[in-house]
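K.L.:
how would this look folded up:
(one chain, ligands or ions: 1)
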Amino acid sequence: MAGNTLPKRLHHAVSCRGAAAAPDKGTLKTMSPITPPSDNQSTMSTLDETPLFVFKAMREHTGGVAIVLVIFVLGVLLVKYAYETDIPKIPGIPEMPNALPFIGHLHLHAGASGRNDAAVWSDWSRKLGSDLLQVRFGNRRVVIANTFDSIKEIFVANAACTSARPRQFVFEKYVGYDLGSHSLDENFKAQRTAALRSVKTSSWDSFYPCLEREGDRLIANLAEQGRYGGTAINPLPYMQVVAMALGWSITFGKEFDANDPWLREYIDNACLITKVRGASNTWSDFVPLLRLHPRFRAMGMAGQAASIRRTEMIRDVVEDLKARVARGEEPQCVAAQVLTDVNSKLSMWNAVKCSTSMLQGGTESIPSHLTAGFGGLIQGRGPQMQEKAFAAIKETYPDGDAIEHAFNEEKVPYITALYKEILRNYVVLPFSLPHATDRDVHLKSGVVIPKGTTLYMNSEAGNHDEQIFGPNAHQFYPERWLDNPHLDNIGTVQHSSYGIGSRICPAWQIANRIMYGLLFRVILAFKLEEDPSNPPPRDYKEFGCTPDLVLNSPKTFGVRFVPRDADSLKKDVARIRAKEV
Ligand code: HEM
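P.N.:
Numbering: from 1, shown residues only. Here you go, the predicted model:
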């Protein structure tokens, strides 16, 4: 862009100078005597004109100097712009090498290289022998915590000063901030409180019917679409529909048929919006000049179109909800709480914003984690893990009533270990969401991270920290949670896949329970098998296909959902479908 704009400006400056020179000549002419000069006069005239020529030369010379000066100043500004960062280099934290002017280290990140940022940072933090690392994203300085302990120090011990969010141009201009992207001012504090209240454990009773219904539908869909084990299918879209249906129920009290095209359209728009959430792909967040570039404008516009459509869709749902409340119904959901609570600190608009953020938060995270986890369960020791889980369910519920307890209690420790390990190993938000310091942070090492610095937690690295999880930290090994009970005491949530500290995912407990219940139901009904023609990725470092986005979505692979007991499953599916009619 600089190349286009700058020469134009210089050209303009040069033509302006040319235009300015012409009137000079005119001015000189009008100042010349009108009558033809005598010889004497002519000599005098020449003499008289001398200072005019000198003046003219000086003016031209000054014009040249001015241009040189302008170019010099522009050059200095450009160089300053090319290397300047919002926060100067922070002493005591090593910086990744090979920064380039204007873009800093962006070219080394997933937005350009396709390699997961979390893996890039882990490598450099190891090479530079430091838990912390600083990089330049364009003109923004970013500090990354790469070990479990450094994550805890910055985001838990210093939570009071590290819970802000950095500004994001693309989101601000094209989508509009939501709870996950804004600092906690009074408005967003109220939204966060409402979000936490909506999923508090005491409200879970009201979620169970919906969870059970969606669990049923999932099993029926996997059975039918996978032709009872005859065809390998990609589980992700099925998981997305379940998560979304649950999300709608929690936020707007709305129920959907899992196959409703309206729901599919909503999910597609939500995914488009996640794409423009600031990560190393949204260069225009960090390099202001690029905001004029058609490619980045197009990216923003795509997010904007999705956001507009999402708002229209939600508006219809809110109108419907209002009508239900007016009819005297009492839907259990965030938006209805606001509609019926005269003391609510949230306006209806902010309740809608809060609910939309909740929906957005759940759309891709649970489905991506579970799908990636299925990849782990169909390879290597995976089939043995499935058998262990199945046996554990049968042992806990010997009377054949297991299905009834999939969601309303968590009594099978091996299933708990399974979802914890899926969350720990396959980190779909590998660096959580960005945080920012809202005052200077003084670390134990003496390093001071200044106010206004952007922070990332390298959750993927923290979750594979050998100091905490042992030498097998890089393996998918659910038993670690049973063999090492102390792992449950190392922090609020034992891993940082939900973030950590004061901005931790408000829905982490219900998300755990949903993952537990869905795993429970799937393992009870099916043996999951690999499709040799479409196998899953072999390592957590390569499970994702969108490493340049905030959310690393799992690569597509096939799973055969083979019924454990085909006859009984067919009866179950018939029962489920009959209930839907
Ligand atoms: C396995 C499932 C999930 C994972 C791994 C996950 C992960 C995360 C992470 C990493 C953050 C950022 C935390 C931080 O900034 O430190 C977050 C924030 C958030 N999540 Fe989740 N999440 C999950 C499920 C859900 C669900 C089901 C919902 C809603 C029903 C939800 C709603 C939110 C919201 C609203 C935020 C923004 C909170 C804030 O910025 O204060 N999440 N989540």
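K.L.:
state the pLDDT value of Pro97.
P.N.:
On the pLDDT scale, Pro97 is placed at 94.
K.L.:
that one: neighbour count?
P.N.:
10 (other C-beta atoms under 10 Å). All C-beta spots, glycine's among them, are computed from the backbone N, C-alpha and C.
K.L.:
ok, it to Val142 distance?
P.N.:
Separation of Pro97 from Val142 (C-beta to C-beta, to the nearest Å) stands at 15 Å.
K.L.:
what ranges does the stretch 301-450 of the chain have for its helices?
P.N.:
334-340, 348-377, 382-396, 413-425 (DSSP state H, counting those that start in this stretch).
K.L.:
mean pLDDT and distance to Arg324 added to those, as a markdown table?
P.N.:
Formatted as a markdown table, the helices of the stretch 301-450 of the chain follow (pLDDT from 0 to 100; distance: least, C-beta to C-beta, whole Å):
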| stretch | mean pLDDT | distance to Arg324 |
| --- | --- | --- |
| helix 334-340 | 72 | 8 |
| helix 348-377 | 88 | 15 |
| helix 382-396 | 98 | 37 |
| helix 413-425 | 96 | 34 |
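K.L.:
let's have the ones you listed in a markdown table, adding distance to Ala157 and mean neighbour count.
P.N.:
Listed next are those as a markdown table, based on distance: least, C-beta to C-beta, whole Å; neighbours: other C-beta atoms under 10 Å:
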| stretch | distance to Ala157 | mean neighbour count |
| --- | --- | --- |
| helix 334-340 | 31 | 20 |
| helix 348-377 | 25 | 24 |
| helix 382-396 | 35 | 17 |
| helix 413-425 | 22 | 23 |
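K.L.:
between those helices, which one is closest to the ligand.
P.N.:
Proximity to the ligand (C-beta to the nearest ligand atom) singles out helix 348-377 among the helices of the stretch 301-450 of the chain, at 2.3 Å.
K.L.:
what ranges does the stretch 451-581 of the chain have for its helices?
P.N.:
459-463, 466-469, 480-483, 508-525, 566-580.
K.L.:
how about the CA coordinates for stretch 393-413, as PDB?
P.N.:
Presented in PDB, the C-alpha positions along stretch 393-413 are these (Å, rounded to 0.1, in the frame of the first residue of the first chain):
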ATOM      1  CA  ILE A 393     -20.100 -47.000  32.700                       C
ATOM      2  CA  LYS A 394     -21.500 -50.500  32.900                       C
ATOM      3  CA  GLU A 395     -19.900 -51.000  36.300                       C
ATOM      4  CA  THR A 396     -21.300 -47.800  37.700                       C
ATOM      5  CA  TYR A 397     -24.800 -48.500  36.300                       C
ATOM      6  CA  PRO A 398     -25.200 -52.200  36.300                       C
ATOM      7  CA  ASP A 399     -29.000 -52.000  36.200                       C
ATOM      8  CA  GLY A 400     -29.200 -50.800  32.500                       C
ATOM      9  CA  ASP A 401     -30.300 -47.300  33.400                       C
ATOM     10  CA  ALA A 402     -27.000 -45.600  32.400                       C
ATOM     11  CA  ILE A 403     -28.600 -43.400  29.700                       C
ATOM     12  CA  GLU A 404     -30.700 -41.600  32.300                       C
ATOM     13  CA  HIS A 405     -27.600 -40.500  34.100                       C
ATOM     14  CA  ALA A 406     -25.500 -39.300  31.200                       C
ATOM     15  CA  PHE A 407     -25.900 -35.600  32.000                       C
ATOM     16  CA  ASN A 408     -27.400 -35.300  35.500                       C
ATOM     17  CA  GLU A 409     -24.400 -36.600  37.500                       C
ATOM     18  CA  GLU A 410     -20.800 -37.200  36.900                       C
ATOM     19  CA  LYS A 411     -20.100 -40.600  38.500                       C
ATOM     20  CA  VAL A 412     -17.800 -42.300  36.100                       C
ATOM     21  CA  PRO A 413     -14.300 -41.100  36.800                       C
END
